[in-house]
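Participant: The sequence isn't on hand, but the structure is:
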């Protein structure tokens, strides 16, 4: 049981570090991240706690409880990323449109050549 | 009253092979048309070809989809004070002569929008059976969602009175814009009429056109619109 704990803890710490090295991150987000990872570390070290909590609310095993919550969490992440993607796409479209219109080539400005021969 | 100016919007994505012919055919039909080609981030020579023709050329810095390209062209034409705006495909499927009949309906019958339909003529030219089925389904779907009683929902040939188009809000970048345009007609309570047009199913256009499976993508795009 020790091996899996070491693996999980190492991976958790690597992810936490990758998150915290972003210089632009505001303090509140850093604090939330640290708390969240502390919670996860705690559950890795003392898995019985999650089983105890699971039993309270009618779930058999602690891992199952975590599995459900992880699922919901990633759904939330997917939805919020998707929404952000829609906003971003709208912004990119708007920008592209303005660039295209600003750089419009009018008929009289185009390169006047005889039409290329078709094969 | 002066003659209304007619602007034809032609979104083009990798149409370098046929674009010069399509433009040539349009200009042969009517020299007074103002043509706007939107190169939607093509990776071929679409822009180079268009630059050599007597057209307004707008280039998207990246590929955004046909809906976005149409919206860009419409935006541009409105800023140029177009009176009537026509949407036209760059793949050579459409006949320039049909523009004339759509524009006539808008000018002479005073409707806001004239919509091209493949199904008003006796028999559409050599349309693949599965395509016909998908389009029929789209018609029923459109009747249910927009209340518009039209026979051909995904026909790219349309003519709009410019002041009607100013009320439009086209947000669908990809192919669902065709349905979106129809819901905008309902939302803005515009008057419309369908006009028979002929679509030429060439080998080239069959390869370029909508694949049948894309109908599912269009449905998905439409549903996700509601969640914004």
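Facilitator: Perfect, I can see it now. Please read these numbers as outputs of a predicted model, since none were measured by experiment.
Participant: alpha carbons only for contacts and neighbour counts from here, please
Facilitator: Noted.
Participant: these two touch, right, residue B:195 and residue B:103?
Facilitator: No - between residue B:195 and residue B:103 there is no contact, the gap being 10.0 Å when judged by Cα atoms under 8 Å.
Participant: Now do the shared contacts for the two.
Facilitator: Listed contacts common to residue B:195 and residue B:103 are residue B:114; contacts here mean Cα atoms under 8 Å, 6 or more residues apart in numbering or on different chains.
Participant: Now residue B:104: which helix or strand?
Facilitator: helix B:96-109 (DSSP states H and E).
Participant: That helix: what's the following helix or strand?
Facilitator: Counting by DSSP H and E, the next helix or strand C-terminal to helix B:96-109 is strand B:113-117.
Participant: so what strands line up beside that next one?
Facilitator: Using DSSP bridges, the strands paired with strand B:113-117 in its sheet are strand B:158-161 (antiparallel), strand B:192-196 (parallel).
Participant: Measure how far that strand is from the centre of its chain, please.
Facilitator: The chain centre lies 10 Å from the centre of strand B:113-117; the measure is Cα atoms, centre = their mean, to the nearest Å.
Participant: what angle sits between that strand and helix B:96-109?
Facilitator: Taking axes from the mean of the first three to the mean of the last three Cα atoms, to 10 degrees, one finds strand B:113-117 and helix B:96-109 inclined to each other by 140 degrees.
Participant: for strand B:113-117, what is the average pLDDT?
Facilitator: When pLDDT is averaged over strand B:113-117, the result is 92.
Participant: Tell me the first helix or strand C-terminal of it.
Facilitator: As assigned by DSSP H and E, the chain's next helix or strand after strand B:113-117 is helix B:129-146.
Participant: who touches that next one?
Facilitator: With Cα under 8 Å, 6+ apart, helix B:129-146 has contacts from B:148-154, B:179, B:182-183, B:186, B:212, B:215.
Participant: Could you let me know which of those ends up closest to residue B:57?
Facilitator: residue B:154 (25.0 Å; Cα to Cα).
Participant: Now do the closest one, the pLDDT please.
Facilitator: 79.
Participant: ok, it to chain A distance?
Facilitator: Going from residue B:154 to chain A by Cα to the nearest Cα, to the nearest Å gives 23 Å.
Participant: so how far is chain A from the residue nearest in space to the middle of chain B?
Facilitator: Nearest to the mean C-alpha position of chain B, counting by Cα atoms, centre = their mean, stands residue B:156 at 3.2 Å. Applying Cα to the nearest Cα, the value for residue B:156 to chain A is 21 Å.
Participant: right, and residue B:11 touches residue B:72 too?
Facilitator: No - counting by Cα under 8 Å, residue B:11 sits too far from residue B:72 to count as a contact (9.1 Å).
Participant: Overlap in contacts, the two.
Facilitator: Contacts common to residue B:11 and residue B:72, judged by Cα under 8 Å, 6+ apart, are residue B:38.
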